[in-house]
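**Student:** need a structure here:
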Amino acid sequence: MPERPRHAVIAGGGIGGLTAALALHRRGWRVTVCERADGPAALGAGIVLAPNALRAFDAIGFDATRAAGGAVPAGMGLRRPTGAWLSRADTAGLVARYGRPPLAVHRSDLAAALAAGLPGGALRYGADVTAVEEAGGRPVVRTASGEFTADVVIAADGIHSPLRRRYFPGHPGLRYSGETAWRTVLPAGAAPTEAAETWGRGRRFGTVPLADGRTYLYATAVVPAGYRPADVRTELLRHHGTWHHPIPALLERIDPATVLQHDLYDLAAPLPRLHHGRVAWVGDAAHAMTPNLGQGGCQAVEDAVVLAHLLDGRPVPEALAAYTRARLARTDAIRVRARRAGRVAGLTHPLAVAARDLAVRATPARAARRALDDLFEGFTLPGVPAGRAA
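**Tutor:** Take a look at the predicted model:
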């Protein structure tokens, strides 16, 4: 009698959860993704997939370029509100050093492409996970639409992860960074842009072109937690409306109904481990970080691919312990780096801002390359030689 496939239940249908599901499905696991939303998200924003995330996708045979609708190099530069450049990425240099540049993609397109690789019925909408209990040595996952017995549970349930709070009740939880962020995507036909981020005094504005002609916009401001303006466009024009071209023109084109606003939080401290029994945490649920390095989603992809690799043919408890050893130090180091980068980018005192800008312009290229090396070349699969897929 053939051995039954092992069953993974994934709590959360975001990028990390879907990547974990696809990676495990391609290794012969039966997968069930429990997503609390009633259907695919109608709204969304962009994500920049750095070379480390693209290498992780390569390891499971997933073509992120196709998901993006084509190759859109997302080389990034830094500017002042006047338009003067503080630094500028060399896209050709990124390709030469890392094999490819970062890739810009709409989150909903990426999620749809990942979901399309799953078997029918694997993705369950309206199935919020309400409890995980033990029964005969295996977890039983209870949801609003039924229950599932699993061999492993993957908690990809986001920055406010109920499963994290349940299993680590003594953890201090989230810390407010002091900034809020607005994100939206403009339809094709907006003013021409290139990927860039502009730093002012306690304010930032970013533009990222997408493959189909749309433009991903994001903006930040130092404000009290929970601050919500009555008129989003007026608020953004107040913060950024006098900045360099084409920022004012882009702001005039936004549809306020599509603008997402989220206060920026990260974990106040690392989790003691990324697993508990037969439950493992990935992405924001495991190591919520601010978006200042563009690595939140990328680390979720890395988590998912490494976890699936370690679960391949190993007993679950052994695999999850190896997952914590493989991922905890790297993800926490990046969380701390992102926090520090946010403090620098969010400076408000004029003298501190002037010193920051001077330091950015004076940073040697080799130092900038070393910082990127740590991020972009840090993805590895335990036991697999560098440069080889699993």
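**Student:** what about the residue most central in space within the chain, distance to Y216?
**Tutor:** In the chain, the centroid-proximal residue (CA atoms, centre = their mean) is G297; its distance is 1.6 Å. For G297, the distance to Y216 equals 13 Å [CB to CB, to the nearest Å]. Any C-beta I mention is one placed from the backbone N, CA and C, and that applies to glycine too.
**Student:** what does the average pLDDT come to for the host helix or strand of the residue nearest to the centre of the chain?
**Tutor:** Following DSSP states H and E, the helix or strand that holds G297 is helix 296-311. Taken as a whole, helix 296-311 carries a mean pLDDT of 98.
**Student:** which element follows that helix toward the C-terminus?
**Tutor:** Assignment by DSSP H and E places the next element after helix 296-311 at helix 316-345.
**Student:** list the contacts of R30.
**Tutor:** 5-8 (CB atoms under 8 Å, 6 or more residues apart in numbering).
**Student:** tell me which of those residues fall in helices.
**Tutor:** Among the contacts of R30, none falls in helices (DSSP state H).
**Student:** so among the residues you listed, where is pLDDT lowest?
**Tutor:** Lowest pLDDT of the contacts of R30: P5, 91.
**Student:** what's the spacing between the residue nearest to it when sequence neighbours are not counted and L320?
**Tutor:** Nearest residue to P5, sequence neighbours excluded (CB to CB, 6 or more residues apart in numbering): R30, at 4.6 Å. Look at R30 and L320: by CB to CB, they are 18 Å apart.
**Student:** over to H25?
**Tutor:** H25 is 19 Å from L320, by CB to CB.
**Student:** out of these two, which sits in the more crowded spot?
**Tutor:** The neighbour count for H25 versus L320, taken as other CB atoms under 10 Å, is higher for L320 (25 against 20).
**Student:** surely the more buried one meets V153?
**Tutor:** No - counting by CB atoms under 8 Å, L320 stays clear of V153, with 10.2 Å between them.
**Student:** ok, back up a step: check contacts around the residue nearest to the centre of the chain.
**Tutor:** G297 makes contact with 15-16, 47, 49, 53, 107, 283 under the criterion CB under 8 Å, 6+ apart.
**Student:** reformat those as a markdown table; add secondary structure, pLDDT and distance to V208.
**Tutor:** Formatted as a markdown table, the contacts of G297 follow (DSSP: H, G, I helix; E, B strand; the rest coil; pLDDT from 0 to 100; distance: CB to CB, whole Å):
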| residue | secondary structure | pLDDT | distance to V208 |
| --- | --- | --- | --- |
| I15 | helix | 96 | 16 |
| G16 | helix | 98 | 21 |
| I47 | strand | 91 | 9 |
| L49 | strand | 92 | 11 |
| A53 | helix | 96 | 15 |
| R107 | helix | 91 | 12 |
| G283 | coil | 98 | 21 |
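**Student:** in a markdown table: the residues you listed, plus distance to A329.
**Tutor:** Shown next, in a markdown table, are the contacts of G297 (distance: CB to CB, whole Å):
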| residue | distance to A329 |
| --- | --- |
| I15 | 22 |
| G16 | 19 |
| I47 | 24 |
| L49 | 23 |
| A53 | 19 |
| R107 | 28 |
| G283 | 17 |
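**Student:** now neighbour count too, for those residues, in JSON lines please.
**Tutor:** Listed next are these as JSON lines, based on neighbours: other CB atoms under 10 Å:
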{"residue": "I15", "neighbour count": "25"}
{"residue": "G16", "neighbour count": "30"}
{"residue": "I47", "neighbour count": "27"}
{"residue": "L49", "neighbour count": "25"}
{"residue": "A53", "neighbour count": "27"}
{"residue": "R107", "neighbour count": "19"}
{"residue": "G283", "neighbour count": "31"}
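**Student:** how about the contacts made by the closest residue to D151 other than its chain neighbours?
**Tutor:** Leaving aside its sequence neighbours, D151 sits nearest to R6 (CB to CB, 6+ apart; 4.3 Å). When contacts are counted by CB under 8 Å, 6+ apart, R6 touches 28-30, 151-152, 311, 316.
**Student:** got phi/psi on R6?
**Tutor:** The phi and psi values for R6, taken as degrees, to the nearest 10, are phi -70, psi 150.
**Student:** tell me the spacing between it and A195.
**Tutor:** Look at R6 and A195: by CB to CB, they are 41 Å apart.
**Student:** list the buried residues in stretch 351-367.
**Tutor:** 353, 356-357, 360 (16 or more other CB atoms under 10 Å).
**Student:** and the next element down the chain from the helix or strand encompassing L351?
**Tutor:** Assessed by DSSP H and E, L351 sits inside helix 350-362. Heading C-terminal from helix 350-362, the first helix or strand you meet, by DSSP H and E, is helix 365-376.
**Student:** what's that next one packed up against?
**Tutor:** helix 51-59, helix 91-98 (3 or more CB pairs under 8 Å, 6 or more residues apart in numbering; DSSP states H and E).
**Student:** at 10 Å what do you get?
**Tutor:** Applying 3 or more CB pairs under 10 Å, 6 or more residues apart in numbering; DSSP states H and E, one finds that helix 365-376 contacts helix 51-59, helix 91-98, helix 296-311, helix 316-345.
**Student:** out of these, nearest to D157?
**Tutor:** helix 296-311 (11.9 Å; CB to CB).
**Student:** still on that earlier bit, give me the common contacts of G297 and Y216.
**Tutor:** Common neighbours of G297 and Y216, using CB atoms under 10 Å, 6 or more residues apart in numbering, are 47-48, 105, 107.
**Student:** how about those, which pair is most distant?
**Tutor:** V48 and R107 (10.6 Å).
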